[in-house]
Each structure stands twice: as C-alpha cells, then as structure tokens.
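Trainee: Below are the sequence and a predicted model; questions follow.
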Amino acid sequence: MIRFGAKELVARATSEIETIPIQDATKLMDDKETVFVDIRDIRELERDGTIPGSIHVPRGMLEFWVDPKSPYHKDVFSSNKKFVFFCASAWRSALATKTVQDMGLEKVAQLEGGLTAWKKLNYPIEERQR
C-alpha cells in the first residue's frame, strides 16, 4: 500500500527547499557561482532544448554523481557552487533538490515552474543535439 502519493511527496519536498522564481533565475544565468542542472530525460532535452549553459544530470544518476564517495562522482558537485535544479514542471526537480539537500549539498534550489514556465515567458533555449 502506498503511504504517500507522488503529489504529496512533491508538496513535502517543495515546503523544505528553496524555489527560485524564473525572473530571479534569469539574473543567475551569467553568475559563475551558479550551475543550472537539467534532470530531465535525454529525449526531453533533444526534443525541447534546455536552459543555455545548464548541465545535464540524468535523474537516475543524480545521487551517484553528487556523492563524493561514489565511483560516478562528478567534480562539479564538490565545487561549492549554487545548484538550481529544473525539470519540465518542477515536480522531479523538487524531489531531486530535496534529495541532494538531504545528502548535504547546502546551496541548492529548484526553478519555479520548470522549463515549461521558462519557455512560456520566452526566455532563451539552447538546442541539444544527439
């Protein structure tokens, strides 16, 4: 029996993390101390593009790439930068942000509304090729 549904998990995560409004996030695009992290599936990136300058971290590898003791660790996550996670609609990114926050990353947030809201406001999109 499911104890908590997906919506409740997202709501709980959102209540415990920082969410950055899109208008504020655009000001961080040129900040060398901020990294935008796209956790969507690669097919979504290829179909819809991404935020310029963002890095792609497959959601299924996130914990392994963040953990410095993991053989899959990526140095960027030891850089002491701020990480702004996003997905399509800010559901997966809420869960991802809460997870890495629980793992010990301190400067983390999610993008309000995700890439869907970003595109709706006509902010820049970078195409990703196969």
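Mentor: That came through, no problem.
Trainee: Could you use CA atoms for every contact and neighbour count after this?
Mentor: OK.
Trainee: for the residue nearest the centre of the chain, what are its contacts?
Mentor: By Cα atoms, centre = their mean, the chain has its centre lying nearest to residue 85, at 1.6 Å. Contacts of residue 85 were listed using Cα atoms under 8 Å, 6 or more residues apart in numbering, and they are 36, 37, 38, 39, 93, 94, 96, 97, 108, 109, 110, 111.
Trainee: Let me know the secondary structure of it.
Mentor: strand (DSSP: H, G, I helix; E, B strand; the rest coil).
Trainee: So it versus residue 54, what's the distance?
Mentor: According to Cα to Cα, to the nearest Å, residue 85 and residue 54 sit 9 Å apart.
Trainee: Residue 98 now?
Mentor: Taking Cα to Cα, one finds residue 98 at 19 Å from residue 54.
Trainee: Check residue 5 too.
Mentor: For residue 5 relative to residue 54 (Cα to Cα), the value is 30 Å.
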